[in-house]
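Sequence plus the predicted model coming up.
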There are 2 protein chains.
Amino acid sequence: MGNGTPVTNAIRRLRFERGEMTQQALADACGVTRQTVIALEAGRYAPSLELAFRIAHALEVRIEEVFQWAGES
Amino acid sequence: MGNGTPVTNAIRRLRFERGEMTQQALADACGVTRQTVIALEAGRYAPSLELAFRIAHALEVRIEEVFQWAGES
DNA sequence: AGGCGATGTCAAGTATTTTTTACCCCAACT
DNA sequence: AGTTGGGGTAAAAAATACTTGACATCGCCT
């Protein structure tokens, strides 16, 4: 399936682990639309670095815990 | 002073701490041009999340150690 | 003096990408 | 039946990351 980005994420899992946080709530907390969250959870693209920081902050985890990169040592 | 990104970085410092690594060497290690490294060190814009991962990997540090976000708790 | 390596600037341009806008589906209500 | 809330798709729009190339400076070496 047309997956293009080598960066995956665990947004959806963390959202639920962080107490039933809805897509809209996360979107608001990050200052983006709900569609952005949907697209990110679907892995359609990787967010900007700034948004990555905001997401990690909203989910109260480090960036590396939300986003994984296919290219570790 | 036209700084537009709220994300700063410590690429230049880490480059030297990691043993006199040149801009070109870092660029090669990350698969980008030297101009990109220059622009990043000058703080002209924030890299993509994927490039941020590659840079952190090349400098052997965590992303948060290279890039700082003006918005921590 | 001349050359080389590392750094930097400026500018234009591409082309990729992120992000938004608009519309649809389904379940659980009242 | 109608509405509210959670989730989803697909398009285009808006933003910007990245490249290319040309040129200037500084320090070091022969």
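Structure's in. What do you need? From a predicted model like this one, the values you see are computed outputs, not experimental measurements.

what number of residues lie near the nearest residue to A:R18 once chain neighbours are set aside?
Spatial nearest neighbour of A:R18, chain neighbours left out: A:L59 (5.7 Å); criterion: Cβ to Cβ, 6 or more residues apart in numbering or on different chains. (Each C-beta comes from the backbone N, C-alpha and C, glycine too.) Residues lying near A:L59 (other Cβ atoms under 10 Å in any protein chain shown) number 21.

May I have the residues that are in contact with A:L59?
By Cβ atoms under 8 Å, 6 or more residues apart in numbering or on different chains, A:L59 lies in contact with A:11, A:14-15, A:18, A:21, A:26, A:66.

For ChimeraX, what selects the buried ones among these?
Buried residues among the contacts of A:L59 (16 or more other Cβ atoms under 10 Å in any protein chain shown), as a ChimeraX selection:
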select /A:11,14,15,21,26,66
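
what does chain A have sitting close to chain B?
A:5-7, A:46-50, A:52-54, A:57, A:62-64, A:67, A:69, A:71-73 (Cβ under 8 Å from any Cβ of the partner chain).

Let's see which of those residues end up in strands.
Secondary structure from DSSP state E places A:7, A:67, A:69 of these in strands.

So which of those is the closest to DNA strand C?
Nearest to DNA strand C among these, counting by Cβ to the nearest atom of the strand, is A:V7 at 7.6 Å.

Tell me how many other residues crowd the closest one.
Counted with other Cβ under 10 Å, residues neighbouring A:V7 total 20.

Please apply the same query to A:A52.
Using other Cβ under 10 Å: A:A52 sits among 27 other residues.

ok, back up a step: need the ones in strands among the residues of chain A next to chain B in a markdown table with pLDDT, can you?
Listed next are these as a markdown table, based on pLDDT from 0 to 100:
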| residue | pLDDT |
| --- | --- |
| A:V7 | 92 |
| A:F67 | 95 |
| A:W69 | 93 |
